[in-house]
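**Student:** Let's see this in three dimensions:
(2 chains, ligands or ions: 1)
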Amino acid sequence: MRNQRSIFTNIDWIIIGIYLALVFIGWISIYAAVYNEENSAIFDVSQRYGSQLIWIIFAFVIAFIILLLDGVFFTSFALPIYGVLILILIAVLLFGVKVNGATSWFEFGNIKIQPAEFAKFATVLALAKYLSMPNIRIKEFKTKVIATTIIAIPALLILMQNDTGSTLTYAAFIFLLYREGLSGNILFLGVLAILVFVLTLVFGATSMILFGFIIFLLLYAATKFDLKTTVFTTLATISFLVFNTYYEIKDSFIFFGIALILFSIFLFVITNKKLKDKGSHYLGIFILVVSCAYIYSIDFAFNKVLKEHQRTRITVLLGEEDQLINQIKMLEFKMKDETFSQEQKLVIKTDLKTKKESLKELQQGNGWNIKQSLIAIGSGGFTGKGFLEGTQTKFNFVPEQSTDFIFCTIGEEWGFLGTSFVILLYMALFLRIIFIAEKQRSTFSRIYGYGVASILFIHFIVNIGMTIGLIPVIGIPLPFISYGGSSLWSFTILLFIFIKLDSERLFVLR
Amino acid sequence: MNNFTNRKFIIGAIFLFVGLIFIIRLINIQLINNKYKLDSDSNVLRTITKYPARGLVYDRNGELLVYNEAAYDLMLIPKQLKEIDTNEFCKLFEITKAEFIERLTKIKKYSTYKPSVFEKEISTESYANIQDQLYKFPGFFVQLRTLRSYQNKNAAHILGYISEVTPAIIEKDNYYKSGDYIGKSGVELAYEELLRGKRGIKKVLVDVHNREKGSYLNGKEDTLSISGERLQISLDITLQTYGELLMQNKIGSIVAIEPSTGEILCLVSSPSYNPNMLVGRAVRKNYPVLSRDSLNPLFNRATMAQYPPGSIFKTIQALIGMQEGVINEKSGFSCIKSLVGCHNHPTATDVASSIKMSCNPYYFQVFKKIIQQNKAKSIYKDSEIGLAEWNKRVKKFGFGGTLQTDIPGVKNGLVPGVEFYNKWYGEGRWAFSTIFSLSIGQGELGVIPIQMANLAAIIANRGYYYQPHILKEIDDKPSIPLIFKQKNYVDIEAKYFEPIIEGMYGVVQEAGGTARRAKINGIEVCGKTGTAQNPHGEDHSVFIAFAPKDNPKIAIAVYVENAGFGGTWAAPIASLMMEKYLTDSISDKIKEQRILEANLMNVIPKK
Ligand SMILES: [Zn+2]
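**Tutor:** The predicted structure is shown next:
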């Protein structure tokens, strides 16, 4: 089957082109981020751009070696590679070096290696190997369990290293599993759960539960009807509202308004006598109770379980700061109001104190970071300030400016043209990978392709989402662009295995 | 094939959807919303160095000597420099456009993003004028500095001066940064580390209009500046000022020490300069003038000039002679003028009268007995043994570089020893006859005025001294180093000092003494004159003294160059100083007038 053709035939030059473009953008951005006039020599190894250049050269060597190997190597050694990396992950827990609170590094002299990065491609290989086995159907419960286990083992080990960000990336495999037959409902529920989670943090548990009730009533009214259930639901809603209005003075107008709307819906439902089906009444109520419990658990976990720094990390979403400032202003206004009793004022005072403290935390901690990141990107305007002309990404306004917040430098110096170009490059890369994955005759190669796209996508969404203030601060690198040897090498390996598998598409059917 | 192929569209759509959301978000923050652009303009970080106030210096009576005055440095960060009206700027700061460009180029060459000094030491008055205009010139800002200021025009040498650090200093000591000041001499140098304090920094956000917008990270990274320590020095500024007045139109020095502590009361070196001449911008103009002056006013004669001591050295010869047992207090030697020249006087029949009359042949014979003790057969070897012993004993008195004062730059002086003469004449080629001039404080002997004052203190203390020092208290705490609190014994028994003191008493108080002019009514002054032969011109006039005789409060050395006999000029100056210090008044106005009017600067040289 195999012939002595050059390794460069049949490889996808579009993907390689995008890869090279991203790596180059990354390198000049790192140069710009750490640039100052004192150290401006491009090849200074003591500087980050110097060492990144070395990582890049090595990444090319690794890519070349992968292209030299036979694709069969990866299919046959998929599980051993996975096994070895699991062992390394255990080893790093025992012997690793602690950096920024996470025990996820091995140190060899000056070089630090983060095995968690390399576990990603190993997990993709293992998943592809398992799911491409004959007679494996994802619909089956057993398959789901095994696939989840393959994902969960490295994810848990990385969580134990206290590296929450990297753990999160394993959620990416939901796309891969969906493509291979996982029910769309699970994808939908997963996305919904995350959405409710974030919305609860932004708007608070009570508002979300109210919102849930409204949705429930609307759906209920539109589908089934039963007097007893409706009365029960409505009474529950109203008592909940009364409870809230009594204990929470703030936002009382909104709650009264909502109560009025709910009552009208109740009237509407009660006059509509079309709906029957007892079984689903109880299912509906069950779902409502479960969602309330979920929302409250988020609230509870957030306020009681999470530590202070984790909390601010999550609360720092756009607008949170302004919201806090408004609330503080409101409370200060209330403090001056004569009509409140002493006890009420004491309550307001305590509330004011906690709010002020969290505002301070926001303004100095992650809140500061997000604000500075937005200022840096926002100040770039349409065309940007020009290469090396950024002011915000120098002077340390923006944190981690060459690793997690590298997108800021691009935003500041190259403006909207630069940022949208980078986003388009990623889009092109993801779609190209999906397109090529679909062309594969081998199931293994296809699954692997989807794995690559999913992993890259989750990094893309979390990293850029974070720097532009759409997602809480979670420190994971931007693929091919962020500073760091481990991440660059692991993404390169991840991508080039796919390129290699694809180049043999015409010769093999695995 | 598999049944889920169409799901590629859903996944692709999710990817595209996220990309779209991101682009919309970026359109919002980069194109539509102007808030971030404005925020970025107010996000210029500026690090302001908060210079500490240099420590104040007070005299022994709490009189303020050195303090600080506010001045402003105009700083520039070239990178933040925007389009400005250069003409207006030049008018405001009174510089030419060419000058402006020249400075700007120079600063840019140093760094475009670090602050550099554009204009130094703008006075408080000028600052008031430019303060309101400064917002027009983004990139420029002022930094508060302090300028050293000296209350009196006196004590320049002992107080010293400060100047900007040179690149060499910055390289050697990483505390210093460009633009810092460092003590260069005197107390400013000796106690630099106490006086300089600790720099602080303040990081502020500045907007495009050059206005401060608040602190960076709520001041998390700011540090406070800590002022330098408040020093009290042992100097008596009234005495110092009086000493400088007496020494006007004379070349020489006065050093006074409190014998019971070693504290330096005054340290006059004449001619001197006004310390305010070497402050701030004036340095550039004044320093070359002072350093080119032929009378060398920058040279601290009190600690650096090396002279032959003359007859005051006879006190040491007598002490060593008695301690060595080669003479006793009753020893008498006849005045044989063929040995060494002398003046006419009754024969010295004991040590006390030999001091009182300052008989040269007497000390020729004493010194001979010290050097040649017949401990070896060869007279050369014998002289070597004697000289080595003598040298060791003389050095005990703080001569030849054994003093450990806190005044920087004190010279060692020279007490010749065996090695010195061996090098000079060759080993075994010199004996007593070669070196006899040492007996009367001439020859190769070199002493520094502060060492002479210390000798007076040793005699006053009857055999020990404290290291002469200028520091009295640090920040109101008596925390001077231990070395200044230890007695240094000269290894001569106290009883041998009595005949010396008796002689010195006679020098001033009795008929036939060589320094009757040093007499003060009501105070028992002990002194010893000296007339150091000067091969280059008129002899130098020397006098050491202490008073009162019992429980002495002041020991003093006066050295007046080219003034002739010690009793004529040095003695009355010393007595005026002691009287001023002890009684705070001068009884003999005629004596004072004579000194004040004397001009000994251009004495015709004796040849
Ligand atoms: Zn004589």
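**Student:** give me the element the residue in the stretch 251-400 of chain A positioned nearest to chain B is part of.
**Tutor:** Nearest residue of the stretch 251-400 of chain A to chain B, counting by CB to the nearest CB: A:Gly378, 2.3 Å away. Every residue, glycine included, has its C-beta placed from N, CA and C. Using DSSP states H and E, the element containing A:Gly378 is helix A:366-379.
**Student:** Which other helices and strands does that helix contact?
**Tutor:** Judged by 3 or more CB pairs under 8 Å, 6 or more residues apart in numbering or on different chains; DSSP states H and E, helix A:366-379 is in contact with helix A:308-315, helix A:320-336, helix A:342-364, helix A:406-439, helix A:443-467, helix B:35-41.
**Student:** remind me which residues of the chain are low pLDDT?
**Tutor:** Assuming you mean chain A. Residue ranges of chain A with pLDDT under 70: A:1-7, A:36-46, A:100-102, A:110, A:197-211, A:213-289, A:295-324, A:358-368, A:391-400, A:508-510.
**Student:** that's the wrong chain, I wanted chain B
**Tutor:** Using pLDDT under 70, the flagged stretches of chain B are B:1-3, B:37-45, B:113, B:206-214, B:216-218, B:603-607.
**Student:** Kindly list the longest strand within it.
**Tutor:** Ranked by residue count under DSSP state E, the longest strand found in chain B is strand B:64-76.
**Student:** what's the domain layout of chain A?
**Tutor:** A:2-182+A:372-503, A:191-305, A:318-364 (automatic domain parsing).
**Student:** Quick one: the strands in the stretch 451-600 of chain B, in order.
**Tutor:** Per DSSP state E, counting those that start in this stretch, the stretch 451-600 of chain B carries strands over the ranges B:464-465, B:471-474, B:488-489, B:526-532, B:540-547, B:554-560.
**Student:** Hmm, I typed the wrong one, I wanted the stretch 251-400 of chain B.
**Tutor:** Remark: strands assigned in the stretch 251-400 of chain B by DSSP E, counting those that start in this stretch are B:252-258, B:263-270.
**Student:** angle of the last one against strand B:252-258?
**Tutor:** Same thing as strand B:263-270. Here strand B:263-270 runs at an angle of 170 degrees relative to strand B:252-258 (axes from the mean of the first three to the mean of the last three CA atoms, to 10 degrees).
**Student:** Tabulate the strands of the stretch 451-600 of chain B in CSV, adding columns for mean neighbour count and distance to the ion.
**Tutor:** Formatted as CSV, the entries for the strands of the stretch 451-600 of chain B read as follows, by neighbours: other CB atoms under 10 Å in any protein chain shown; distance: least, CB to the ion, whole Å:
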stretch, mean neighbour count, distance to the ion
strand B:464-465, 22, 30
strand B:471-474, 18, 43
strand B:488-489, 17, 32
strand B:526-532, 29, 13
strand B:540-547, 31, 18
strand B:554-560, 31, 23
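**Student:** Kindly present these as JSON lines, with separate columns for distance to chain A.
**Tutor:** Below are the strands of the stretch 451-600 of chain B laid out as JSON lines (distance: least, CB to the nearest CB, whole Å):
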{"stretch": "strand B:464-465", "distance to chain A": "54"}
{"stretch": "strand B:471-474", "distance to chain A": "39"}
{"stretch": "strand B:488-489", "distance to chain A": "53"}
{"stretch": "strand B:526-532", "distance to chain A": "59"}
{"stretch": "strand B:540-547", "distance to chain A": "58"}
{"stretch": "strand B:554-560", "distance to chain A": "55"}
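**Student:** Indicate which one of these is closest to A:Phe387.
**Tutor:** strand B:471-474 (54.8 Å; CB to CB).
**Student:** Summarise which helices and strands that closest one is packed against.
**Tutor:** So strand B:471-474, by 3+ CB pairs under 8 Å, 6+ apart, packs with strand B:231-233.
**Student:** what are the pairing partners of the longest strand of chain B, and which direction each?
**Tutor:** strand B:57-58 (antiparallel), strand B:116-122 (antiparallel), strand B:140-150 (antiparallel) (DSSP bridges).
**Student:** what comes up buried for that strand?
**Tutor:** B:65-68, B:71-76 (16 or more other CB atoms under 10 Å in any protein chain shown).
**Student:** With stretch A:410-425 instead?
**Tutor:** Within stretch A:410-425, judged by 16+ other CB under 10 Å, the buried ones are A:410-416, A:418-420, A:422-423, A:425.
**Student:** show me which of those residues neighbour chain B.
**Tutor:** Residues of the buried residues of stretch A:410-425 in contact with chain B (CB under 8 Å from any CB of the partner chain): A:411, A:415-416, A:419-420, A:423.
**Student:** Now for those: which two are most distant?
**Tutor:** A:Gly415 and A:Ile423 (13.0 Å).
**Student:** how far is the longest strand of chain B from where the chain is centred?
**Tutor:** 22 Å (CA atoms, centre = their mean, to the nearest Å).
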